[in-house]
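Trainee: sharing a model prediction with you, sequence too.
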Amino acid sequence: MANKLNVNPTRMVLTNLKRRLKVARRGHKLLKDKRDELMKKFLEIVRQNKEMREKVEEMLQKAHSSFVMARAVTPTEIIEEALMFPKKKISLEVSTKNIMSVDVPVLSFNTEGDSNDIGDIYPYGFATTSGELDVAIATFSEVVPYMLRLAELEKSAQLLAEEIEKTRRRVNALEYVMIPNLNETIKYINMKLDENERGNLTRLMKVKDMMLEQARQKG
Amino acid sequence: MSKKNETNFLYAVAKIKAIENRLLDKSKIERMLDAYTPEDALKVITEADYGYSVSEVSDAHIYEVLLEEEMQKTIKLLSDISPQKEIFDIFMQKNDYHNVKVLLKAEFLGIEKDENLVETGAIELRKMKMSVKERSFIDFPPILRQAINDSLDTFGRTNDPQSIDLILDQACYKQMLESAKSLNNDFVTGLVKALIDTVNIKMFMRLRALKKNWDFAQRVLLKGGSIDTDVYINNLESPVDSVIELLRYTSYGNVCESGIEDFKNTGSVAALEKLCDNYIMGYVKKAKYLSMGMAPLIAYYVAKETEIKNVRIVMTGKINKLPNEQIKERLRDLYV
């Protein structure tokens, strides 16, 4: 059972409360709409996220298994030497995008230097390394954009989830606490005022009776 | 080479013949494959007296250390018993070039990467480090000196780390061939030529897969093999079948045919790489029944190298829980 607010039962407070109730109802409706919309967006992102994650995991799996094979046929120090000096540099840019007033990150990366030669990601010589290393490196480099997209999606999902939680808490607070409380209080004030009214009426009637009595005695 | 020189190796060859039996044979490798855990697989090689340090091994991941120690041990043994130390230069020089690569790259990156250096170079590691640091290469063989200067120059202009590897790889095999020639031994020269050819074939297929242009191929392919680099370069873009046709009548016909066939089906050079290694093994096996000369020693070295490669394949496979067939697919032929 909701509790009434601790206020003076006056007409002015009543009008105030009524105004607050109206605002609360409106807010409740708006927030509920926001929550539903967020939920829709969230589910969409989660679905994309799942697909992306499966894809990335599959690619990483592939890359790792070729890498394991490359490691198996090449001595460690040669692999380490081959990979110690990367040929390409990429720079990462982070900007934001607004989804239902939630700022989600947008990641984009640029490969520095000559990007025409896409095959040119191998920083090592071919004489000492194995062909399986080529496959591993190619797959790893292929997976980078997907991993960035995945990071973007996962962060978005996380941020949206937080926002949804917050909104839902607000909706619930309005729905189950604020609005019932206001209703209760308004009812209370109304009753109190009615009670006063009735008290006044009876008092008046009583006075009237008394006055009539006095007049009769005099007369 | 005169008869007298050949007989110089009598003791060494006899000793090697005795040791040869201790190489891991098929059944030992099978035992490793059948092992349930990587630790059990490791037991096989510790039993075979690998490395210096450990008898009781708890962690399978130290196998890398064992393998490295075993390599050092082999080189020490061979140079101890060989009356002519230079004969192993062809293999040890490879490590020099590796060390130079590491040192140069580390310097350009401004980091220390000493764990990637190998001890078993022809030039002592400490000296090598000093020389590279101070840019004084007077004591180095001319080919190495030239190559270092070239890579310093090229890297300075292009900032391309790959060029270091390309120049040094190129020089490395040139050096190996030169050292082999100076030994005046047909077996060794033939071996280095076969190495160059197989490396070229492997690289050729990879270059094709990576769609590199002929200009790049020119920098990558090694000179001095029995197949001229022009042959590869001219066929960089021709269809796979014609490549098989092209190489069919070289001594690598069989290797290429099934290796490239496999490449066509799977897009992976793994099988070709294995066949190339097997070809080299087949080549050195010729020395198995020789009782004189340096050939059996060289053969033993190659056999040991292959054995270590096999052990690495099995151990990596076991640690990463790969299915046995997948491991077996990659195992190289054995010497014994």
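Mentor: Great, that's in hand.
Trainee: and for residue 99, the neighbour number?
Mentor: The chain I'm using is chain A. If you count neighbours by other C-beta atoms under 10 Å in any protein chain shown, residue A:99 ends up with 18. Glycine gets a C-beta too; all of them are placed from N, C-alpha and C.
Trainee: ah, I was thinking of chain B
Mentor: 23.
Trainee: that one and residue B:144, how far apart?
Mentor: The gap separating residue B:99 from residue B:144 is 11 Å, by C-beta to C-beta, to the nearest Å.
Trainee: can I see the domain layout of chain B?
Mentor: B:22-84+B:308-336, B:88-182, B:186-293 (automatic domain parsing).
Trainee: gap between the two ends of the second one?
Mentor: One end of domain B:88-182 to the other measures 12 Å (C-alpha to C-alpha, to the nearest Å).
Trainee: so it, near chain A or not?
Mentor: Yes. Residues of domain B:88-182 are located near chain A by C-beta under 8 Å from any C-beta of the partner chain, namely B:98, B:101-102, B:105-106, B:108-109, B:113, B:115-118, B:160-162, B:164-166, B:168-170, B:172-173.
Trainee: which of these are buried?
Mentor: Buried members of the residues of domain B:88-182 next to chain A, counted by 16 or more other C-beta atoms under 10 Å in any protein chain shown: B:98, B:101-102, B:105-106, B:108, B:113, B:116-118, B:160-162, B:164-166, B:168-170, B:172-173.
Trainee: lowest-scoring secondary structure element of chain A by mean pLDDT?
Mentor: When each helix and strand of chain A is scored by mean pLDDT, DSSP states H and E, strand A:102-111 comes last, with a mean of 84.
Trainee: what's whatever helix or strand comes next after it packed up against?
Mentor: For strand A:102-111, the succeeding helix or strand toward the C-terminus, using DSSP states H and E, is helix A:131-172. Contacts defined by 3 or more C-beta pairs under 8 Å, 6 or more residues apart in numbering or on different chains; DSSP states H and E place helix A:131-172 against helix A:11-73, strand A:90-99, strand A:102-111, helix B:186-209, helix B:270-285.
Trainee: what do you get if the cut-off is 6 Å, keeping everything else the same?
Mentor: helix A:11-73, strand A:102-111 (3 or more C-beta pairs under 6 Å, 6 or more residues apart in numbering or on different chains; DSSP states H and E).
Trainee: SS state for residue A:8?
Mentor: Recorded secondary structure, residue A:8: coil (DSSP: H, G, I helix; E, B strand; the rest coil).
Trainee: how about whichever residue of the stretch 101-250 of chain B sits closest to chain A, nearest residue that isn't a chain neighbour?
Mentor: Relative to chain A, the nearest point of the stretch 101-250 of chain B is residue B:165 (2.9 Å; C-beta to the nearest C-beta). What sits nearest to residue B:165 in space, not counting adjacent residues and going by C-beta to C-beta, 6 or more residues apart in numbering or on different chains, is residue A:125, at 2.9 Å.
Trainee: before we move on, what about residue B:113?
Mentor: residue B:106 (4.3 Å).
Trainee: ok, that neighbour to residue B:291 distance?
Mentor: 46 Å.
Trainee: before we move on, back to that, ok, the residue nearest to residue B:165 touching residue B:163?
Mentor: No. The criterion here is C-beta atoms under 6 Å, and residue A:125 misses it with residue B:163 at 9.1 Å.
Trainee: of these two, who's got more company?
Mentor: Counted by other C-beta under 10 Å, residue A:125 and residue B:163 do not tie: residue A:125 has more neighbours, with 25 against 20.
Trainee: how much space between residue B:48 and residue B:119?
Mentor: 21 Å.
Trainee: so who does the residue in chain A positioned nearest to chain B touch?
Mentor: Closest approach between chain A and chain B, counting by C-beta to the nearest C-beta: residue A:125, at 2.9 Å. Neighbouring residues of residue A:125 by C-beta atoms under 6 Å, 6 or more residues apart in numbering or on different chains: B:165, B:166, B:169.
Trainee: turn those residues into JSON lines, columns for secondary structure and pLDDT.
Mentor: Output for the contacts of residue A:125, formatted as JSON lines (DSSP: H, G, I helix; E, B strand; the rest coil; pLDDT from 0 to 100):
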{"residue": "B:165", "secondary structure": "helix", "pLDDT": "90"}
{"residue": "B:166", "secondary structure": "helix", "pLDDT": "90"}
{"residue": "B:169", "secondary structure": "helix", "pLDDT": "92"}
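Trainee: rebuild the domains of chain B as TSV, extending it with distance to residue A:21.
Mentor: Formatted as TSV, the domains of chain B follow (distance: least, C-beta to C-beta, whole Å):
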stretch	distance to residue A:21
domain B:22-84+B:308-336	66
domain B:88-182	68
domain B:186-293	71
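Trainee: looking at those, which one has the lowest mean pLDDT?
Mentor: Note on these: domain B:22-84+B:308-336 shows the lowest mean pLDDT, a mean of 82.
Trainee: enumerate the residues of chain B near chain A.
Mentor: B:64, B:101-102, B:105, B:109, B:113, B:116, B:118, B:161-162, B:165-166, B:169, B:199, B:203, B:206, B:210-211, B:220, B:269-270, B:312-313, B:316, B:320 (C-beta under 6 Å from any C-beta of the partner chain).
Trainee: so how far is residue B:263 from the residue lying closest to residue A:67 once chain neighbours are set aside?
Mentor: Nearest non-adjacent residue to residue A:67, counting by C-beta to C-beta, 6+ apart: residue A:136, 3.9 Å away. Distance of residue A:136 to residue B:263, computed by C-beta to C-beta: 17 Å.
Trainee: likewise for residue B:211?
Mentor: For residue B:211 relative to residue B:263 (C-beta to C-beta), the value is 14 Å.
Trainee: who's more crowded, the two?
Mentor: Comparing residue B:211 with residue B:263 by other C-beta under 10 Å, the one with more neighbours is residue B:263, at 23 against 11.
Trainee: now residue A:42, nearest residue through space, not along the chain?
Mentor: Nearest one to residue A:42, counting by C-beta to C-beta, 6+ apart, is residue A:160 at 4.6 Å.
Trainee: wait, residue B:199 touches residue A:127, no?
Mentor: Yes. If you go by C-beta under 6 Å, residue B:199 and residue A:127 touch, sitting 5.3 Å apart.
Trainee: just checking, residue B:204 touches residue B:232?
Mentor: Yes. Residue B:204 is in contact with residue B:232 according to C-beta under 6 Å; the separation is 4.6 Å.
Trainee: flag every residue of chain A that's near chain B.
Mentor: Counting by C-beta under 6 Å from any C-beta, the residues of chain A that sit close to chain B are A:68, A:71-72, A:76-77, A:80-81, A:84-85, A:87, A:119, A:123-127, A:131-132, A:134.
Trainee: now those residues: which count as buried?
Mentor: A:68, A:71-72, A:77, A:81, A:84-85, A:123-127, A:131-132, A:134.
Trainee: secondary structure element for the closest residue to residue B:244 other than its chain neighbours?
Mentor: Once flanking residues are discounted, residue B:244 sits nearest to residue B:260: 5.2 Å by C-beta to C-beta, 6+ apart. Assessed by DSSP H and E, residue B:260 sits inside helix B:253-266.
Trainee: list the helices and strands that helix packs on?
Mentor: helix B:240-248, helix B:270-285.
Trainee: may I see the buried residues of it?
Mentor: Buried-residue list, helix B:253-266, by 16+ other C-beta under 10 Å: B:255, B:256, B:259, B:260, B:262, B:263.
Trainee: got it, and stretch B:233-249?
Mentor: Going by 16+ other C-beta under 10 Å, stretch B:233-249 has these buried residues: B:233, B:235, B:236, B:243, B:244, B:246, B:247.
Trainee: contacting residues around the first one?
Mentor: Which is residue B:233. Per C-beta under 6 Å, 6+ apart, neighbours of residue B:233: B:214, B:217.
Trainee: how about a cut-off of 8 Å?
Mentor: B:214, B:217, B:218, B:221 (C-beta atoms under 8 Å, 6 or more residues apart in numbering or on different chains).
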